[in-house]
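# Compute the structure for the input listed below.
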Amino acid sequence: MILSLTKIPSTQELREIIIELLKKENLDDACYVDMLNYALGLFNEQNLKNRYYGYHNTSHEMIVTYNTLLASRGKEFHGTVSKEDFKHLFTASLFHDYEPGKIEDKPHEESAANFVTQDKKLLNLFKESEIDSHLVASLILRTSYPWSLKKSEYEPLILSHFVQSKYAHNKTMQEHYANLGWFMSVADRIGAYALGDFLDAMELAKKNAHSLGWGSEYIIQRSVTYFETLLNEEQEMTDKVMRSIPKSMRKTFMNNVLGFFKLREKELEVRASIVYDEIKLTTNLEKCEFDDEQANSLFDIYDELPDPLQFKKKTFFESLKDPETILITLRLGSNTGEILGFAKGGPLEGYGLPDSINDTNYGKSNTVFLEPLALKMGYWGQGGGSQMRQHFRKIAKEKGYDFLTSLQLREVIQRRIERNDSIEFVQQLNPEKLDYYRVIL
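Modelled structure (predicted):
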C-alpha cells in the first residue's frame, strides 16, 4: 500500500489506495466499496472529471478522503480516532462536496449534509455499515470555509444533527465529533497542496479562485491569506495534521506555501516598478517566426494554464507557424523585450469546442476564437491582460472578422456588459460558470 505519495495520483489510483486503507481497519465489507463506487458514479454523472474547470471535482473528493484517512492514523491521532470515527470520516469526506443538481462549483455543505441524511441508497449502505447519517452530516457542515464567517450559521445546524444522532444526549461525543469535523476541514484544505509540485498547486489555486469568484489579480494575494489562516489562526489542528502525514507530503506542502509567499513578493515588486514608471508593459503583434528557444518559452507560459484551458496543446508549436494564427505578446519595455504573456487565436472552425457549446456562426468563417490568455505568474492584475485583449480585437477586426468568441468567468463577462462593452453571452456553462461569449467587432 502506498502511504507516501510525491505526486497527485489519478482517481483510479486513489480509489485503490483508499480501499487498502479501509482493509487495514478491517472495513472490507462490500458496503464500503459500494459507497466508494456510488460516490464516484455520482460525481462522474455530473462530469466533474479531469476536463472540468473547477476545484471541487472527483479528484478533490478522493484526495480529501485519502488525506483524512491517512492523517487520522498518524501519531497525533493515535488512540483518538476510533474505528467507528474512521468509517464516519471516510463517508463524510467522500460526500462532503456532493450536491444534487449542482449549478456552481462553490460548495454548499448544507446540500451535501441533506443528501447524506435523505438519499435512500446511501441510507441503506449506512444501515449495513452501522454509520450514523447525522454524524456524517455534522462532519460535512464543519468543513465550511471560512469557519469564522460561517460558524454562527452552521453551528445550530450541526447541533440539530447531533440531536437526531445516536449521541443526542452525550455532550462528550458531540464535542468529539465537532473536533473531528475541524480535523477533516484542515485535512481538506491541505489537500492536493501536499501532493503536487508548484505548477499543480498554482492550477489548484486558479481553480479555487474561479470557484470563489476571485479575479485573477487576487489569486496570489488571497491564496497567501488562505495559507496564513491555516498556519496561524488554525495552527493547533494544522500542526497535528501536518505531523500525522508523511514527511514527503509535509515538505511538498510547505514548499508550495513558500512558493506562494515568494510569488506575492514578486507581484508587489512588479506593481511598485510599474507605479514608479521603472518598467513598462507593451504588446506586440508577432509574425510567428520563433526559434526553438523562443517557442519553448512561450509553451512554458502556456503550460501554466489549467488543463481545461489549454486549447491545441498537442499542436501548440505547429499553431505558432500557422498563417491564420493571431499572436499578440506582452513584452517588458519594448517589442523586443522579455515575453511575459500572450493572446493567441484563430478561425473558430479550427477549434474543437465542448459539445455543450452551439455557435450558430460555426462554419461561416466570420468568427475568431481567442484562447484563454496566458500570462506569467507575478504579472496578473497589472493591466497586461486587457492590453493583449484589446490589441487582439484590433487585429481580428483588421483581418475582416465580424465576431470574437472566447471563454471567461461569468462575473467578468457581466461586468463588461455593464460597462456597455459590445459583448454578449452565447452559452452559460454550469457548474463551472466559465461561459462562452461573443464580441461584435
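# where does the protein dip in pLDDT?
The chain contains residues with pLDDT under 70 at 1-6, 50.
# what's the longest strand in it?
For the chain, the strand reaching the highest residue count under DSSP state E is reported as strand 339-347.
# helices or strands next to it in the packing?
helix 292-302, strand 326-332, strand 367-370, strand 374-375, helix 384-398 (3 or more Cβ pairs under 8 Å, 6 or more residues apart in numbering; DSSP states H and E). From N, CA and C alone the C-beta is placed, and that goes for glycine too.
# Dump these to CSV, plus distance to Ile219.
What follows is those, written out as CSV (distance: least, Cβ to Cβ, whole Å):
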stretch, distance to Ile219
helix 292-302, 16
strand 326-332, 17
strand 367-370, 21
strand 374-375, 11
helix 384-398, 13
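# right, so of these, which gets closest to Pro246?
Proximity to Pro246 (Cβ to Cβ) singles out helix 292-302 among these, at 30.2 Å.
# rewinding a little: between the helices and strands packed on strand 339-347, which gets nearest to Ser248?
Each of those has some distance to Ser248 by Cβ to Cβ; the shortest is helix 292-302, at 25.9 Å.
# Distance from that closest one to the middle of the chain?
25 Å (Cα atoms, centre = their mean, to the nearest Å).
# of all the helices and strands packed on strand 339-347, which lies closest to Asn208?
strand 374-375 (17.9 Å).
# biggest helix in the protein by residues?
helix 247-275 (DSSP state H).
# Tell me which residues of that helix come out buried.
Neighbour-count burial for helix 247-275, counted by 16 or more other Cβ atoms under 10 Å, picks out 249-250, 252-253, 256-257, 259-260, 263-264, 267, 270, 274.
# So what's the residue count around the residue nearest to Pro107 when sequence neighbours are not counted?
In this structure, Pro107 finds its nearest non-sequential neighbour in Asp97, 4.8 Å apart by Cβ to Cβ, 6 or more residues apart in numbering. Using other Cβ atoms under 10 Å, Asp97 is surrounded by 26 other residues.
# wait, is Asp97 part of a strand?
No: under the criterion used here (DSSP: H, G, I helix; E, B strand; the rest coil), Asp97 is coil, not part of a strand.
# That one and Thr143, how far apart?
Noted for Asp97: a distance of 8 Å to Thr143, by Cβ to Cβ, to the nearest Å.
# got it, and Asn430?
Counting by Cβ to Cβ, the separation of Asn430 from Thr143 is 22 Å.
# cool, and Lys87?
Taken as Cβ to Cβ, the span from Lys87 to Thr143 is 17 Å.
# Who has more neighbours out of those two?
Neighbours were counted for Lys87 and for Thr143 using other Cβ under 10 Å; Thr143 has more, 27 against 22.
# Leaving out sequence neighbours, find the closest residue to the more buried one.
Spatial nearest neighbour of Thr143, excluding adjacent residues (Cβ to Cβ, 6+ apart): Ser185 at 4.5 Å.
# what's the answer for Phe95, then?
Nearest non-adjacent residue to Phe95, counting by Cβ to Cβ, 6+ apart: Val116, 5.4 Å away.
# Looks like that neighbour contacts Ile140 (just checking).
Yes: contact status for Val116 versus Ile140: in contact at 6.8 Å, counting by Cβ atoms under 8 Å.
# any common contacting residues for the two?
Taking Cβ atoms under 8 Å, 6 or more residues apart in numbering as the criterion, Val116 and Ile140 both touch Ala92, Phe95.
# Counting neighbours, go ahead and name the busier of those two.
Neighbour count, other Cβ under 10 Å: between Val116 and Ile140, Ile140 has more, with 32 against 25.
# neighbours of Phe369, just the number please.
Phe369: 25 neighbours (other Cβ under 10 Å).
# just to revisit the earlier point, list the contacts of the helix or strand harbouring the residue nearest to Thr143.
Taking DSSP states H and E as the criterion, Ser185 maps to helix 171-190. The set of residues external to helix 171-190 that reach it, using Cβ under 8 Å, 6+ apart, is 64, 67-68, 71-72, 77, 81, 85, 88-89, 92-93, 96, 135, 138-145, 147, 158, 162, 167, 226, 230, 234, 237-238, 240-242, 245, 253.
# From those residues, list the buried ones, please.
Among the contacts of helix 171-190, those classed as buried by 16+ other Cβ under 10 Å are 64, 67-68, 71-72, 77, 81, 85, 88-89, 92-93, 96, 135, 138-145, 147, 158, 162, 167, 226, 230, 234, 237-238, 240-242, 245, 253.
# Narrow those residues to those in strands?
Per DSSP E, the buried ones among the contacts of helix 171-190 never map to strands.
# Which residues are in contact with Gly346?
Counted by Cβ under 8 Å, 6+ apart, Gly346 has contacts Ser319, Asp322, Glu324, Thr325, Ile326, Val368, Phe369.
# Could you export the residues you listed as TSV, including distance to Asn124?
TSV is the format used below for these (distance: Cβ to Cβ, whole Å):
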residue	distance to Asn124
Ser319	52
Asp322	56
Glu324	57
Thr325	56
Ile326	57
Val368	54
Phe369	48
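# buried sites along stretch 434-441?
By neighbour count with 16+ other Cβ under 10 Å, stretch 434-441 contains the buried residues Leu434, Asp435, Tyr436, Tyr437, Arg438, Val439, Leu441.
# Would you mind measuring from the first one to Lys207?
Just to be clear, that refers to Leu434. In terms of Cβ to Cβ, Leu434 sits 10 Å off from Lys207.
# what sits in contact with each of these two?
With Cβ under 8 Å, 6+ apart, Leu434 and Lys207 have common neighbours Tyr53.
# Dump the helix or strand hosting Val426 to CSV, keeping only the CA atoms.
In this structure, Val426 sits in strand 423-427 according to DSSP H and E. Output of strand 423-427 as CSV, limited to C-alpha atoms (Å, rounded to 0.1, in the frame of the first residue of the first chain):
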residue,chain,number,x,y,z
ILE,A,423,-20.3,41.6,-25.6
GLU,A,424,-23.0,39.0,-25.1
PHE,A,425,-23.4,35.6,-23.5
VAL,A,426,-23.7,32.8,-26.1
GLN,A,427,-23.9,30.0,-23.7
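# Okay then, goodbye and thanks.
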